[in-house]
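Peer 1: using only what follows, build the 3D model:
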Amino acid sequence: MAELKIRDGDYVSDGVGGAVRVKGRDELLQRVLFKLTARRSGFLFLESMGSTLYALGGAAASQRQGAAKAAVVQALAAEKNLQVEQVELNGDQLTVQLNYEGEELNLQLTVQ
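Peer 2: From the prediction side, this is the model:
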């Protein structure tokens, strides 16, 4: 089953009244980005959905790297066959290296 493609918080139109669907690797990356950018406990019936990356600003500078890795691992724990290999926080830029069924996936996002 494919998921609907999201860009900038909106579904992407297919130009004929529907929405673009994503599959495979793109579907996984979209789901990962959603889980990392959504606030944990922000969904009434899905309290474990999302991450605590939004709270990094409240952590001491010396603890931010460890807190970022913990937040990423926690947010993605339910993803089967996905391992968090490395998390690097540089200022407000977060780089995440993942391994999905032997394939290396890298993504970057800005944390607020």
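
Peer 1: what segments of the chain are strands?
Peer 2: Secondary structure of the chain by DSSP state E: the strands cover 3-4, 6-7, 10-11, 21-22, 82-90, 93-100, 103-110.

Peer 1: show me the shaky parts of the chain.
Peer 2: Where the chain drops to pLDDT under 70, the residues are 1.

Peer 1: returning to what we had before: Throw the strands of the chain into TSV and include distance to residue 56, thanks.
Peer 2: To be clear about C-beta, it is placed using only N, CA and C from the backbone, and glycine gets the same treatment. Output for the strands of the chain, formatted as TSV (distance: least, CB to CB, whole Å):
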stretch	distance to residue 56
strand 3-4	27
strand 6-7	23
strand 10-11	26
strand 21-22	28
strand 82-90	8
strand 93-100	9
strand 103-110	11
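
Peer 1: what's the closest of these to residue 43?
Peer 2: In terms of CB to CB, the element of the strands of the chain nearest to residue 43 is strand 6-7, at 15.4 Å.

Peer 1: ok, that closest one: who's next to it in the sheet?
Peer 2: The strands beside strand 6-7 in its sheet (DSSP bridges) come out as strand 10-11 (antiparallel).

Peer 1: ok, residues contacting the partner strand?
Peer 2: Outside of strand 10-11, the residues within contact range by CB atoms under 8 Å, 6 or more residues apart in numbering are 4-5, 19-20.

Peer 1: run the last query once more with 10 Å
Peer 2: By CB atoms under 10 Å, 6 or more residues apart in numbering, the residues outside strand 10-11 that reach it are 4-5, 18-21.

Peer 1: out of those residues, which are buried?
Peer 2: residue 5 (16 or more other CB atoms under 10 Å).

Peer 1: farthest-apart pair in the contacts of strand 10-11, please.
Peer 2: 5 and 18 (10.9 Å).

Peer 1: just the helices in the chain please.
Peer 2: Applying DSSP state H to the chain gives helices spanning 24-37, 64-76.

Peer 1: and these as TSV, adding distance to residue 108 and mean neighbour count?
Peer 2: Compiled in TSV, those are given as follows (distance: least, CB to CB, whole Å; neighbours: other CB atoms under 10 Å):
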stretch	distance to residue 108	mean neighbour count
helix 24-37	10	16
helix 64-76	12	18
